[in-house]
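*Asks:* What follows is a protein structure lacking sequence information:
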């Protein structure tokens, strides 16, 4: 496990010495936030909010930031997304300047995080999920899902038709989007098949994950990249169109949905 005693990245030099000293003081942490740890969802929500507020990367997608933070967390050997120390949170966000998608350092301190917490109920549709979604689009998708995506079979077909990677092993499915967002386990094709909406369950989480992958009711409005089972990669519609493979698992031959995204 990575510890704060290791050398800090060079980017930390851009921050004040005073803040670094305060961050290590338990009394300061308790007095300013009451928190010693944050979740990955909270970091994603804060990061996207800060980028929009600062105007430095107002188009940053939360899915891109999540994937970048996970990649950096792996480098630091951080394995618990529900328990990220404030020191580690600061480093993760600062190191985003090295990521090819994010490209900017996101400064983190308690005061800024408190500003985010004060407005996040209006910034986020679902605070506990940490999803900075566009409200009208999300509510439209949620209404569609309540009517059409209530069983595991319906969800698997929806995801595969729109180009997500769907893998079924021993009656359990895993769904993965182009951006690394995934639903780890969905029971299917048995008497115990998942029916999250009818039974309450975790339907909301599953639907939010599908939305986060960029999947929408209309195929042409969904994320353009689609998963090819033959090359085992997410490919753009143009890449699929120019593929010369004759294998039946090639996305060019296995589906026509990519044509709707050209």
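*Replies:* That came in fine, so what should we check first? Since the model is a prediction, treat every value here as computed from it, not as a measurement. Residues are numbered from 1 along each chain as shown.

*Asks:* Going by C-alpha atoms from here, please, whenever you check contacts or count neighbours.
*Replies:* Noted.

*Asks:* what residues are up against the closest residue to residue 213 other than its chain neighbours?
*Replies:* In space, residue 213 comes closest to residue 177 once its chain neighbours are excluded; the distance is 5.0 Å by Cα to Cα, 6 or more residues apart in numbering. Neighbouring residues of residue 177 by Cα atoms under 8 Å, 6 or more residues apart in numbering: 164-165, 213-214.

*Asks:* For residue 177, give me the pLDDT.
*Replies:* For residue 177, the model assigns a pLDDT of 92.

*Asks:* mind giving me the domain split of the protein?
*Replies:* 10-132, 134-223, 224-262 (automatic domain parsing).

*Asks:* In which helix or strand does residue 159 reside?
*Replies:* helix 152-161 (DSSP states H and E).

*Asks:* Could you give the average pLDDT over that helix?
*Replies:* The model assigns helix 152-161 a mean pLDDT of 92.

*Asks:* average pLDDT across the following helix or strand past it?
*Replies:* Downstream of helix 152-161, the first helix or strand assigned by DSSP H and E is strand 165-169. Averaging pLDDT along strand 165-169 gives 91.

*Asks:* Mind listing what's buried along strand 165-169?
*Replies:* Neighbour-count burial for strand 165-169, counted by 16 or more other Cα atoms under 10 Å, picks out 165-166.

*Asks:* Next SSE downstream of that strand?
*Replies:* With elements assigned by DSSP H and E, the helix or strand that comes after strand 165-169 is strand 172-176.

*Asks:* How about residues contacting that next one?
*Replies:* Applying Cα under 8 Å, 6+ apart, the contact partners of strand 172-176 are 156, 159, 164-168, 182-188, 213.

*Asks:* hmm, 10 Å instead?
*Replies:* For strand 172-176, contacts defined as Cα atoms under 10 Å, 6 or more residues apart in numbering pick out 152, 155-156, 159-160, 163-168, 181-190, 193-194, 206, 209-210, 213, 227.

*Asks:* From those, keep the buried residues only.
*Replies:* Burial by neighbour count, judged by 16+ other Cα under 10 Å, picks out 152, 155-156, 159-160, 163-166, 181-183, 186-188, 194, 206, 209-210, 213, 227 from the contacts of strand 172-176.

*Asks:* I'd say residue 245 and residue 251 touch.
*Replies:* Yes - Residue 245 is within contact range of residue 251, at 9.4 Å (criterion: Cα atoms under 10 Å).

*Asks:* Between those two, which has more neighbouring residues?
*Replies:* Neighbours were tallied for residue 245 and for residue 251 using other Cα atoms under 10 Å; the higher tally belongs to residue 251 (26 against 14).

*Asks:* centroid residue for this protein?
*Replies:* In the chain, the residue lying closest to the centroid (Cα atoms, centre = their mean) is residue 63, at 3.7 Å.

*Asks:* So, low pLDDT: which residues of the stretch 1-150 of the chain?
*Replies:* 1-35, 58, 119-136 (pLDDT under 70).

*Asks:* Can you list the residue ranges for strands in it?
*Replies:* With DSSP state E, counting those that start in this stretch, the ranges of strands along the stretch 1-150 of the chain come out as 37-38, 84-85.

*Asks:* Can you check which of those gets nearest to residue 222?
*Replies:* strand 37-38 (31.1 Å; Cα to Cα).

*Asks:* hmm, who's touching the closest one?
*Replies:* 29, 81-89.

*Asks:* how distant is that strand from the center of its chain?
*Replies:* The gap between where strand 37-38 is centred and where its chain is centred comes out at 18 Å by Cα atoms, centre = their mean, to the nearest Å.

*Asks:* same check, this time on stretch 149-156
*Replies:* A distance of 21 Å separates the centroid of the chain from that of stretch 149-156, by Cα atoms, centre = their mean.

*Asks:* What of stretch 162-179?
*Replies:* Worked out by Cα atoms, centre = their mean, stretch 162-179 lies 16 Å from the chain centre.

*Asks:* circling back to that earlier point, please produce a markdown table containing the contacts of residue 177, extended by distance to residue 117.
*Replies:* As requested, the contacts of residue 177 are exported to a markdown table (distance: Cα to Cα, whole Å):
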| residue | distance to residue 117 |
| --- | --- |
| 164 | 33 |
| 165 | 34 |
| 213 | 25 |
| 214 | 26 |
